[in-house]
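>>> 3D model of this:
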Amino acid sequence: MADSREILLEVKGLEKSFGDRKVLNNIELQVAKGEVTVILGPSGCGKSTFLRCLNGLEPIQGGEIRYRGQNLAGNAVDWREVRQHIGMVFQNYELFPHMTVIDNILLGPLKVQKRDGKEALKQAEELLSRVGLLDRKDAYPRQLSGGQKQRIAIVRALCMNPEIMLFDEVTASLDPEMVREVLDVILGLAQQGMTMIIVTHEMGFAKSVGDRIIFMDQGKICETAAPQQFFTKPATERAQHFLDIFQY
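Residues are numbered from 1 along each chain as shown. As a prediction, the model looks like this:
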């Protein structure tokens, strides 16, 4: 799939270690414009660390990360600039508790991108309306449910107009009844053509949203497949065992 479309992100031979422990080993990946890549794997296999490397939150020890041909592995990279193009949403929201919803959302567009206030506010309100939270724009994070906070975190990232979105287990800390409202927002983004890399343990969601599944184990990519193929007939015993645990 990636070969027939414009490649936005390319990872070659990525290596990442914490001290003597190698957590990512020779990761190779291409992500095409408009593609939704879902990364699955057991806890501790390196999924979240991989996303953090793509966003410059973790230094790498080898290999290349290229965004539109630019090598992001060099020391001269301005990650504040890169993160305007590669946005990321975390499982713990990371909203500023002393700021209202709208102020949380507008902080980046106004302070980092130096955008016009009226234009940024208009976009923020449109995004809030899209996720059903316009009426909460003047609330504080403590007044919101977990699902609402996560939707706000997604809006905050989208308001920076990124080309690629990274989602790291964004439903992991939510109560089950709140998971659906967040996943529906991400499904909507996929339908609108947003390029995304998603780490999740929600198997049904992974199958419905992904253009392809990447299965990781022990810091390596063990399998790459279309969702239908992966969930019905995985190529590796390790992936089958993983799916058996989830009784998928």
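
>>> may I have the strands that pair with the helix or strand harbouring I221, each with its orientation?
Here I221 sits within strand 220-225, counting by DSSP states H and E. Partners of strand 220-225 in the sheet, by DSSP bridges, are strand 212-217 (antiparallel).

>>> buried set for the strand it pairs with?
Of all the residues in strand 212-217, those buried under the rule 16 or more other Cβ atoms under 10 Å are R212, I213, I214, F215, M216, D217. The C-beta positions use only the backbone N, C-alpha and C, and glycine is treated the same way.

>>> quick one: low-confidence parts of this structure?
Residue ranges of the chain with pLDDT under 70: 1-4, 247-248.

>>> helices of that one, residue ranges please.
Under the criterion DSSP state H, the chain contains helices at 47-54, 79-82, 101-107, 117-130, 146-158, 176-191, 203-209, 227-232, 237-245.

>>> measure how far the strand holding I221 is from the centre of its chain, please.
Centroid separation for strand 220-225 versus its chain: 18 Å, with Cα atoms, centre = their mean, to the nearest Å.

>>> buried stuff in that strand?
K220, I221, C222, E223, A225.

>>> how about those residues in a markdown table, adding distance to F50?
Compiled in a markdown table, the buried residues of strand 220-225 are given as follows (distance: Cβ to Cβ, whole Å):
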| residue | distance to F50 |
| --- | --- |
| K220 | 11 |
| I221 | 9 |
| C222 | 13 |
| E223 | 15 |
| A225 | 18 |
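
>>> just the closest of those to V82, please.
Proximity of the buried residues of strand 220-225 to V82 (Cβ to Cβ) peaks at I221, which lies at 22.8 Å.

>>> okay but the closest one is in contact with T236, surely?
No - taking contacts as Cβ atoms under 8 Å, I221 lies outside contact range of T236: 10.8 Å.

>>> thanks a lot, see you next time.
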